[in-house]
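**Student:** Take this sequence and fold it.
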Amino acid sequence: YGGGPFQVNAGFTYDVAVSNDWSLSLSGDVNYRNKGFPTLRQPGTRVPARTLINASLRVYQTDGPWEFSLICSNCGNDHYVYS
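**Tutor:** Numbers count the residues shown, from 1 in each chain. You can find the predicted model right below:
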């Protein structure tokens, strides 16, 4: 390993019927990056290692139009520079 940027992404979705008409879905993903490049080549703007976590919980009608969701993006509230 040459010490360059390294990134790992993993995710899952789990669906289960809770009744004849309703189902539950749980989803999540993790994005890990060990380091980043300086933004616009400016000193002091290199993105540090970070782990971003996203998750969602969804209750939905199996054959209907209704759906209720709770969605969390960047659940750890990580701050980083995006270049």
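
**Student:** Centroid-nearest residue for this structure?
**Tutor:** Asn54 (3.0 Å; C-alpha atoms, centre = their mean).

**Student:** element containing it, please.
**Tutor:** Secondary structure assigned from DSSP states H and E places Asn54 in strand 50-61.

**Student:** Residues contacting that strand, please?
**Tutor:** Outside strand 50-61, the residues that touch it by C-beta atoms under 8 Å, 6 or more residues apart in numbering are 18, 21-33, 66-76, 78, 80. Bear in mind the C-beta positions are built from the backbone N, C-alpha and C, glycine included.

**Student:** Quickly run through the sheet partners of it, with directions.
**Tutor:** strand 22-33 (antiparallel), strand 67-72 (antiparallel) (DSSP bridges).

**Student:** looking at those strands, which is buried most?
**Tutor:** strand 22-33 (a mean of 15; mean count of other C-beta atoms under 10 Å).

**Student:** Could you look up the SS state of the residue located most distally from the centre of the chain?
**Tutor:** Farthest-out residue of the chain from its mean C-alpha position, per C-alpha atoms, centre = their mean: Asn20, at 30.1 Å. With DSSP: H, G, I helix; E, B strand; the rest coil as the basis, Asn20 sits in coil.

**Student:** Perfect, I'm done here.
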